[in-house]
Each structure stands twice: as structure tokens, then as C-alpha cells.
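Asker: fold the stuff below for me.
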Amino acid sequence: MKKRTVIMLVMILLAGLLFMKPLFVQADETLKASNIKVEITVHDDNTYEITETIDIVYNTPHHGIIRNIPLENQIVREDGSRGETSASITNVNCNEEYTTYHSGNYYVIKIGNRDVEIEGEKQYVISYNYALGNDTLKGADEFYLNIIGTEWDYDIEHLEVIIHMPKDFDYDKFGATHGPYGRPDPSGVLKKRVDNTMYFEYNDVLKPGEAFTVRCELEEGYFKFIIPWADIWAGIGTALAALGVTLLNIRNYVKYGKPETVVKTVEFYPPENMSPPRVRNLIYGTVNDKSVNALLLMLANKGFLTINDYGDSYEFTLYEKDTAELSEEEKMYYEGLWAKGTIQDDGTMLVKDEDLKNSFYHTIWDIESMIKRTSEPVYEKKQYIFAVFSVLCGVALLARAPIILILMVAMWNMKLYHWLIIAFCMIAGLYLIYIGCHYKRRTKRNNKLYGMALGFRDFINVTEKDRLEMLAEENPLYFYDILPYAYAMDISSAWIRKFEGMMTEPVSWYHGDDFNYFMYNRIYDFESSSTSYERSYDSSSDWSSDSSSYSSSDSGGGGVSGGGSGGGGSSGW
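Answerer: Numbers count the residues shown, from 1 in each chain. Alright, predicted model coming up:
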């Protein structure tokens, strides 16, 4: 048991060492810095003009040095508080040939020529502007900078730092520390002040992995952030453009996409004598098997067939008649039934229930497809152009918001008006996408027919008995004429109940014991048998898938060594 415990402790220790930031790094002995002088001019807006004079001694031939300057900084203070800063680097210059590029969160300055090797002493003078924007300290401002970061690969034998502050500050709060990351040591650092300039000097050797950090806590408002006019005009331009695009799309929606008021008219018959599946398609936008099978009742009403109900089975007798009066879907349905039957001696066609099983669905499918294909346009075609335009504008506004956020955070220059613009872009973008997906203006003709169809459906649902009696007197077959439409719209039960006690004579095309039973049960049996097929593909089919004078500096907040912004590292190449 003890042995197992020891092994576990060793494993935990090794894991901790693996992820722990190294305190010291083996120095690159092929070069060293005999002296580094860093001069910093701090401006009111928390931007720094930095000049680094680096005296290198090459012990072996090298092409030059590489300077890595961090753009994303994790701030750690002695009181345990933390923060993040994002820097931008501009106006880079060097006294030697150099190239610059980004590598992860670093801005890299590579100095030297690959065709030229240097040995002995060489001085490099690097200058650049380092902009941090707003600092992250609550209740105060701060200057917090790693003069030397923990990522320098070679020894630094002497360090001088000169910091020109823009105005007065508390000298006692200006301090410097050195040492490995998170182990600040102020000893050996000399500092002095001349007017608003601070001087620091460190005469001991800074080893690789050791940082030199300077920090000063300043009064709140020490740094003033002036919004550039270019930034202001860019913000105004973005806001006006977003507002203009939003208003334009709202105008387009109101004019071309907003649904017009649907006027329901009281209708006793379907609009323009449409067939049951077409009425259903007009109201619900779909044609289902049930609405197509309602054509059976339509054909019976028109004398094209009779229904023989034997209780446990049924059959249809089809009569050969001129189909000119039928709609296209009625013709297809009638011809589909005729093709399944057996010709009789009297010229009629007999179709039994078993003749339709697992085969008649082809006809139903063809009718559904034809109706969808030949139906008049529901919506105005030109509205789709405006709908797509609205969605694209919404996406563009949503994309604009994070771009502004990323740019401003990168410059650490977020202002209230930036947040307002971002919020407006996001709200407007989502709204434009929403209205773009809700362009539903029907054509004037479709809107009129839609209102008539809704009025017809409501009449079937809510009409009173006295009105039905009046219509039945005018047309004794009114119940049967409307029944297919009620069946197609799933309200046949309500329609049949309304006529209970009013139908004294059975309809001529039905031969059986109980017509109501036939409508409530047998016709559903017919629908089930005539549409018995597998709509989905075989689920067993195989698919494959591919399963980064000087005084001591002991007093004064030098911060955590390596815990400020900047610093980075340097190496030879």
C-alpha cells in the first residue's frame, strides 16, 4: 500500500514539473548581451515609444538576432489580481536589415541577413510604438511593463532603463523587480528620478528565464484616451450605414413581403369549383393521400362509379363515360382505377379492394406531384429577391459586430459608442434575418382564393342547421357535394354529424347497409389499402463514414517579475 502511495506521489510531482513554467533556462552560450539600454517615452494615451539598444557579443558566427514582442498579455499583480491587455505595434525601425511577421500572439522582428554571418561585437538599435490603450486596473491607472521578458535565450550582463512619463507621478510607487516568472526580487535594482523621468539600472547578470519588470500605480485618469476623428467618423459611418440598410429592408418588407390582410368571405361552395386536394393545398400548402382519395367521392357524385359495400369487403363499379367534364386530377384518378379493374359483360369495370393493395399508390403519387406542379404561384416572385437581400444584409451586420469588437479590443480602445454600434448591428442583423425569413405576401389572386377557401372551411365547421336545411332544399345532394371537401380538410366527422336526421334517402351511388359506417370506417380502410406502400428507403442499406545618485528600489511596487505587458524574448539565428 505504501509503495503504491509513493508511486502516485511521484507521478503527481512529475506531472506538476511537466506543466510548470521553468524557473531557469539553459543560456545560449554562443552569444550574450553585454549591455541593453531601453528608453521609453510614455504618452497620455498609454502608448509608448520604445527604443532598445542591444549590444551583442557573438562567440560563434551568427546572422543576427530575433526579437519577439507579445501582443496578448496576461497581467498578474502582487495582490493576486489579474487582467489581460492587447497591444498593437507600429512604426517599427532598426539600424540593420530586418523583416517583421506575426507568429501566434507575437510580433517578430528578425534582424540580419541570411547571406552574412557576424562574429564579435554588434550593436542593434530597434524602435517601435507599443499601444496598450486602457489599462485593466480598477480604481487607478498603471504603468506595468516587462522591459525584459522571460523568453530571452542569452545572458544580459547590464541593463539600463529610462522612462519619460508625461506628467507628475508618485516616485515611491515606481519600482522594478527581476527574477523568474512569479518570483519578484527588487534587490540590486538602482533607481532615480529627474523631473518626470525615471532611471533604472541593474548591474548583475539577467539569466534566460529571468524578467525585468517596471510598475507604477498612477491616479485614476492619469491616461487620457482621445478618440481619433477618423475613428469617430468610422463609427458614425458604420451606424448610418447600418441604420440605412435596416430602414431600406423594413421598407422593402412592408411594400413587398408583409402579408396582406386576408378577407374571409362566406362561401357555400369551394372557390372556382376547385377539387378537394386543390382546396387543401390552397389552405394548408400540402396535398396528402387522404385529400386525393376524396376524389373517389367526387367521381361517385358525378356518376362515374358506384360503391358496393359487403361489410367485410367492398368493390367499385366504374362506368365508361366522357371525361371531358372532369378536372385533370379526377381524370387521373378515374383512369388509375379503371386500369386496375376487370371488364364486365355489360361494359362496366369492376375494381375489388384487393386489386388496389400495394399498387394504387403510384396513381396517388402522380396526382399529388401534378397538383403541386400545376398550382398557381402562392407568393409574389419578386419578394424572394428582397428576402435574400434582407438575410444577406442581416448576416453582414452580424459579421460587422465582431469585427468592430476584435479591432477595438486589439487596440484596447473600446468606448461606449463602440458597444452601442455593436449592439445595434447585432439587433438589426437578427431582425433583418427574421423578416427576410418571413416574406409571405401572397399574389392578389391567391390571397382572394385563400380567403374564399378559409370562408368555405369555416362554413363547414360552424354553419347552423337551419342554413343547411335551406341549402338542402335548394340542392338535395348538397351534403354529398360538400362531403369530399370536408373529408379532404379533416372535418368530415363534423359535417356528417350536422346532417344527422336530415338525410332520408340514401345516395344512389352507395350500395350497402350503413352509409355513415362506411364514411366513418370503410373509407378509411380503403385509404389504408390503396396507399399501402413503403415511403422510406431501406434502413438496412450500408453507409460508410470516416470515423500555441541612485537609491535602492526595495520600496515601490515593481509588480510581479514577468507579470506585466510586453517583454517577450530574443534569440540568435
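
Asker: what about the residue nearest to E201 when sequence neighbours are not counted, distance to H158?
Answerer: In this structure, E201 finds its nearest non-sequential neighbour in L190, 4.6 Å apart by Cβ to Cβ, 6 or more residues apart in numbering. C-beta here means a position set from N, CA and C on the backbone, and glycine is covered the same way. Between L190 and H158 the computed distance is 12 Å (Cβ to Cβ, to the nearest Å).

Asker: and what of P180?
Answerer: 20 Å.

Asker: out of those two, which sits in the busier spot?
Answerer: P180 (19 against 16; other Cβ atoms under 10 Å).

Asker: in the sheet, who's paired with the more buried one?
Answerer: E210 (DSSP bridges).

Asker: and it, how far from T213?
Answerer: Distance from P180 to T213, by Cβ to Cβ: 12 Å.

Asker: show me where pLDDT drops low in the protein?
Answerer: 1-27, 134-135, 225-235, 401-418, 501-505, 516-570, 572-573 (pLDDT under 70).

Asker: walk me through the domains of it.
Answerer: 21-226+556-572, 229-258+381-436, 271-380+442-512 (automatic domain parsing).

Asker: for D312, what are phi and psi?
Answerer: phi -100, psi 0 (degrees, to the nearest 10).

Asker: and it, how many residues sit next to it?
Answerer: For D312, the count of nearby residues is 6 (other Cβ under 10 Å).

Asker: who's in contact with it?
Answerer: If you count contacts by Cβ atoms under 8 Å, 6 or more residues apart in numbering, D312 has none.

Asker: do H102 as well
Answerer: With Cβ under 8 Å, 6+ apart, H102 has these contacts: 71, 108.

Asker: give the bridge partners for it, please.
Answerer: Applying DSSP bridges, one finds that H102 bridges with Y107.

Asker: okay, now the closest residue to R400 other than its chain neighbours: neighbour count?
Answerer: In this structure, R400 finds its nearest non-sequential neighbour in C425, 5.0 Å apart by Cβ to Cβ, 6+ apart. When neighbours are counted by other Cβ under 10 Å, C425 registers 27.

Asker: thinking again about what came up before, which one, of the domains of the chain, ends up nearest to K264?
Answerer: domain 271-380+442-512 (4.3 Å; Cβ to Cβ).

Asker: mind naming the longest strand for this structure?
Answerer: strand 47-62 (DSSP state E).

Asker: name the helices or strands packed onto that strand?
Answerer: Judged by 3 or more Cβ pairs under 8 Å, 6 or more residues apart in numbering; DSSP states H and E, the packing partners of strand 47-62 are strand 31-42, strand 64-70, strand 118-131, strand 569-572.

Asker: which strands border the second one, and is each parallel or antiparallel?
Answerer: Using DSSP bridges, the strands paired with strand 64-70 in its sheet are strand 106-112 (antiparallel), strand 569-572 (antiparallel).

Asker: angle of it against strand 31-42?
Answerer: 40 degrees (axes from the mean of the first three to the mean of the last three Cα atoms, to 10 degrees).

Asker: summarise which helices and strands the helix or strand just after strand 64-70 is packed against.
Answerer: Toward the C-terminus, strand 64-70 is succeeded by strand 72-76 as the next helix or strand (DSSP states H and E). Applying 3+ Cβ pairs under 8 Å, 6+ apart, we find strand 72-76 packed against strand 82-86.

Asker: how about the strand it packs on: buried residues?
Answerer: Under the neighbour-count criterion of 16 or more other Cβ atoms under 10 Å, strand 82-86 has 83, 85-86 buried.

Asker: just put those in TSV and tack on distance to Y98.
Answerer: Shown next, in TSV, are the buried residues of strand 82-86 (distance: Cβ to Cβ, whole Å):
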residue	distance to Y98
G83	31
T85	25
S86	24
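
Asker: distance to T265 added to the domains of the chain, as CSV?
Answerer: Output for the domains of the chain, formatted as CSV (distance: least, Cβ to Cβ, whole Å):
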stretch, distance to T265
domain 21-226+556-572, 65
domain 229-258+381-436, 22
domain 271-380+442-512, 5
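
Asker: returning to that earlier point: now do the shared contacts for L190 and H158.
Answerer: By Cβ under 8 Å, 6+ apart, the residues touching both L190 and H158 are 201-203.

Asker: of those, keep whichever come out buried.
Answerer: 201-202.

Asker: which of the shared contacts of L190 and H158 fall within strands?
Answerer: Going by DSSP E, the strands hold 201-202 from these.

Asker: CSV please, covering the shared contacts of L190 and H158 and showing distance to S275.
Answerer: Output for the shared contacts of L190 and H158, formatted as CSV (distance: Cβ to Cβ, whole Å):
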residue, distance to S275
E201, 98
Y202, 95
N203, 101
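
Asker: tell me which of the shared contacts of L190 and H158 is nearest to T363?
Answerer: Using Cβ to Cβ, these come closest to T363 at Y202, 94.5 Å.

Asker: beta partners for that closest one?
Answerer: Using DSSP bridges, the bridge partners assigned to Y202 are L159, V189.

Asker: report how many residues lie close to D28.
Answerer: With other Cβ under 10 Å as criterion, D28 counts 17.

Asker: was I right about it contacting I156?
Answerer: No - under the criterion of Cβ atoms under 8 Å, D28 is not in contact with I156, lying 11.9 Å apart.
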